[in-house]
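Asks: got a sequence here, can you build the structure:
(one chain, ligands or ions: 1)
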Amino acid sequence: MLDTGPDISDLSKIDFTSGAVVAVSGGSDSTALLLLLKDYLYRTAPATKLLAVTIDHNLRPASAAEAQAVAKLCAARNISHRTLTWSGRKPSTGLPARARATRYRLLAEAAGSEGIGLILTGHTADDQAETVLMRQARGKGLAGEGGPAGEEGRGLAGMAPATLYDWRCWILRPLLGTRRQALRDFLRRQHVGWADDPTNADETFERPRIRTILAEDKAAWGDAMAVAASAATGRTALGLRAAALIRDLASQPGPGLVRLDPDFARSGDDRAAVYALRILLATVGGVSFLPDRMRGEALFDRLKDGSFCATLSRTVIDARRNGVWLRREIRGLPLPAAASDISSWDGPSWDGRRRITLGDTNSAFLIAPLGMMAARKIVVPEDHGPPGLLRAGLAAEPALWRAGQCLGLPGSKPDLAAIAVRPAVAPFARFLPSFDLAPARAVAELTGAPSIPPLPFSGHSAGRSWAKA
Ligand SMILES: Nc1ncnc2c1ncn2[C@@H]1O[C@H](COP(=O)(O)OP(=O)(O)OP(=O)(O)O)[C@@H](O)[C@H]1O
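Replies: Residues are numbered from 1 along each chain as shown. This next block holds a predicted model:
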């Protein structure tokens, strides 16, 4: 046992049955995580599949050598290791975000190819405090995002201890409660070196500037961690209330159409209702971020006043006496695309709302919105809702076309069964932080999206108790 290691009690709560990928950049934190985890598994479950993965972003001359140093360390410790390189052209703008997206995609692919459903990263308590301070600084400059605890403090919860990536693979951050200094002390005692990324010291970037503030102001770290803990509790609690409203007052009368009960605006819990509304709007519109809180509140206030029709987050809100009807606006739907091209789509997601999988089928199909003309020919069950709205929902659904002819919705006829379409919960489809499990689950149940894989913690098989914690 590495008896000089910091106490990482979180490791003992993790279910390693399907193995683990450790994301090791070669920096101090992930290197320490790797050694602590290797030691922990050696003592408790030596047969566990452990794979260290380093992403070479190919952005700095030293990156290949850093990856090699990790490979060497792993070879010496008998740990499987893989370096995956981000090849291809780099974007001229938004490079850090693209690098991050690529990193998680490559990590998840590595995990998937080994049948592993778990990725561990080395984010520390210092990273958490930096994240919270950066978000606080940004929030002060954003109208409507500052203010007291509550939903507006959503981002101040910082990084979640567990995040579901791409609705399929859990990313865990077991060092979120551990200080970087403790990890570095541990590595020094082990005589293990690490790489220092020069951008971490470059004060033209925001994070290094915040790091300097944290180093100089001794109280700042504790304050930031307290803000994170309180915001995480508030966010989880609000999510649970929003989930209850979605379960009680939302239904899906037909594909692409969500109905809110007229009582939705009078539930007595306006804050949770606005949050639920924003989540539903983003889901129906296929948008990965929630519409901003002020617009959500303004829209919600109008729901109390009576009938109207409006659009927000690509979603048409049709408020009538018999309910509030939500559907994707027709404008801006995806252009026709060959079914065989879906692997090159984002996700592969169609319009942010649907995941399409292609079975063993001929690729001569085009996928394009059903459209109003074809929707009018479909018989809709009149007891489910107003036929015009049911058809408007259908019109924005992906359909199969050939030679200008609409063949129908995937799965609607035996010869169209090879293409499967499943709903995606757009705001959580790529990253679902554990704080938001309850509303994500409620929306998945509402729309028929696949269920959420269980959290990889022993004693949390369905993840419900975690979301309630
Ligand atoms: N190039 C990479 N390859 C593999 N994992 C990475 C890479 N970059 C970051 N990570 C993962 O994301 C975590 C946080 O990233 P961050 O950029 O803060 O780390 P770092 O400063 O490069 O390294 P460390 O956290 O190990 O000190 C890392 O601890 C590591 O688990």
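Asks: from now on I want contacts and neighbour counts done on CA atoms only, so please keep to that.
Replies: Will do.
Asks: ok, now how distant is the nearest residue to residue 115 once chain neighbours are set aside from the ligand?
Replies: Leaving out its chain neighbours, the residue that sits closest to residue 115 by Cα to Cα, 6 or more residues apart in numbering is residue 18, at 7.1 Å. For residue 18, the distance to the ligand equals 19 Å [Cα to the nearest ligand atom, to the nearest Å].
Asks: over to residue 100?
Replies: In terms of Cα to the nearest ligand atom, residue 100 sits 8 Å off from the ligand.
Asks: likewise residue 231?
Replies: Going from residue 231 to the ligand by Cα to the nearest ligand atom gives 21 Å.
Asks: cool, and residue 214?
Replies: Counting by Cα to the nearest ligand atom, the gap from residue 214 to the ligand is 15 Å.
Asks: who's in contact with that residue?
Replies: Contact analysis of residue 214 by Cα atoms under 8 Å, 6 or more residues apart in numbering lists 130, 220, 221.
Asks: quick check: phi and psi on it?
Replies: phi -60, psi -40 (degrees, to the nearest 10).
Asks: for it, give me the pLDDT.
Replies: We have a pLDDT of 87 for residue 214.
Asks: swap in residue 362?
Replies: Per-residue pLDDT puts residue 362 at 59.
Asks: ok so, going back, return the residues in contact with the residue nearest to residue 115.
Replies: 48, 49, 115, 116, 117, 118.
Asks: next: residue 290.
Replies: 278, 279, 281, 282, 313, 427 are the contacts of residue 290 under Cα under 8 Å, 6+ apart.
Asks: what ranges does the stretch 201-350 of the chain have for its helices?
Replies: For the stretch 201-350 of the chain, helices defined by DSSP state H, counting those that start in this stretch occupy the ranges 206-216, 218-249, 270-285, 293-305.
Asks: and the third one with helix 218-249, angle?
Replies: Between helix 270-285 and helix 218-249, the angle formed by their directions is 70 degrees, by axes from the mean of the first three to the mean of the last three Cα atoms, to 10 degrees.
Asks: put the alpha carbons of helix 270-285 into PDB.
Replies: Output of helix 270-285 as PDB, limited to C-alpha atoms (Å, rounded to 0.1, in the frame of the first residue of the first chain):
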ATOM      1  CA  ASP A 270     -42.600  29.000  -9.800                       C
ATOM      2  CA  ARG A 271     -38.900  28.600  -9.600                       C
ATOM      3  CA  ALA A 272     -39.000  24.900 -10.300                       C
ATOM      4  CA  ALA A 273     -41.600  25.400 -13.000                       C
ATOM      5  CA  VAL A 274     -39.400  27.900 -14.800                       C
ATOM      6  CA  TYR A 275     -36.500  25.500 -14.600                       C
ATOM      7  CA  ALA A 276     -38.600  22.600 -15.900                       C
ATOM      8  CA  LEU A 277     -39.900  24.800 -18.700                       C
ATOM      9  CA  ARG A 278     -36.400  25.800 -19.800                       C
ATOM     10  CA  ILE A 279     -35.300  22.200 -19.800                       C
ATOM     11  CA  LEU A 280     -38.300  21.100 -21.800                       C
ATOM     12  CA  LEU A 281     -37.900  24.000 -24.300                       C
ATOM     13  CA  ALA A 282     -34.200  23.000 -24.900                       C
ATOM     14  CA  THR A 283     -35.200  19.400 -25.300                       C
ATOM     15  CA  VAL A 284     -38.100  20.000 -27.700                       C
ATOM     16  CA  GLY A 285     -36.000  22.400 -29.700                       C
END
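Asks: beta partners for residue 319?
Replies: With DSSP bridges as the criterion, residue 319 is bridged to residue 308, residue 324.
Asks: touching, it and residue 304? I think so.
Replies: No: counting by Cα atoms under 8 Å, residue 319 does not reach residue 304; the two are 9.7 Å apart.
Asks: okay, now residue 223: neighbour count?
Replies: 14 (other Cα atoms under 10 Å).
Asks: equivalent analysis for residue 458, please.
Replies: 12.
Asks: how near is it to the ligand?
Replies: In this view, residue 458 and the ligand are 22 Å apart by Cα to the nearest ligand atom.
Asks: pretty sure that residue is touching residue 10, no?
Replies: No: taking Cα under 8 Å as the definition, residue 458 is not a contact partner of residue 10, at 11.0 Å.
Asks: residue numbers of the chain in contact with the ligand?
Replies: Counting by Cα under 6 Å from any ligand atom, the chain comes close to the ligand at 23-31, 53-56, 121-123.
Asks: so which pair among the residues you listed is furthest apart in space?
Replies: For the residues of the chain next to the ligand, the maximum inter-member distance is 18.2 Å, found between 56 and 123 (Cα to Cα).
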